[in-house]
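> When you get a sec, could you give me coordinates for this:
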Amino acid sequence: METGGGLPIEFASGHSASASSGAVSTTNANDLIIGTHLGLTGTLGPGAGFISRMITVPDSDIAEDKIVTTTGSFRGHVSG
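Next up is the predicted model:
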């Protein structure tokens, strides 16, 4: 994946049964949050507020993102 526009990128990673990245705290308004899920079970789609950028076949891994407009704590997550 490539990003453009010079947005700051925040990153967090984690392992959980609920397919959540763990929290990331942003320090800027208008940060880009990127989430991925590499799993053994199917992914139906992106989490609430996220845009799906790709879902792989046959294992349904996903890349998603969202631009936040305020500082705070955010989590990447998927439905599935």
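> Grab the nearest non-local neighbour of T27.
T71 (6.2 Å; CB to CB, 6 or more residues apart in numbering). All C-beta atoms are positioned from the backbone trio N, CA, C, and that covers glycine.
> Please name the residues that touch the one you found.
T71 is in contact with S25, T26, T27, N28, A29, D31, counting by CB atoms under 8 Å, 6 or more residues apart in numbering.
> With D65 as the reference, measure out to it.
Separation of T71 from D65 (CB to CB, to the nearest Å) stands at 18 Å.
> Tell me, how many residues neighbour D65?
Number of residues near D65 (other CB atoms under 10 Å) recorded here: 19.
> Regarding the residue lying closest to it once chain neighbours are set aside, what is its secondary structure?
Spatial nearest neighbour of D65, excluding adjacent residues (CB to CB, 6+ apart): I34 at 4.8 Å. Assigned with DSSP: H, G, I helix; E, B strand; the rest coil, I34 falls in the strand class.
> any chance you could read off phi and psi for P58?
Note on P58: its backbone torsions stand at phi -100, psi 0 [degrees, to the nearest 10].
> and it, how many neighbours?
6.
> Give me the residue ranges of this structure where confidence is low.
In the predicted model, the chain carries pLDDT under 70 at residues 1-21, 40-42, 80.
> What segments of it are helices?
Counting by DSSP state H, the chain has no helices at all.
> How about the contacts made by G49?
With CB under 8 Å, 6+ apart, G49 has these contacts: K66.
> Actually, T69.
Contacts of T69 (CB under 8 Å, 6+ apart): A29, N30.
> do you know how far it is from L38?
Counting by CB to CB - T69 and L38 are separated by 28 Å.
> Got phi/psi on N30?
phi 70, psi 40.
> ok, how many other residues are close to it?
13.
> Make 56 the starting number, not 1.
Will do, 56 is the new start, and the previous item becomes N85.
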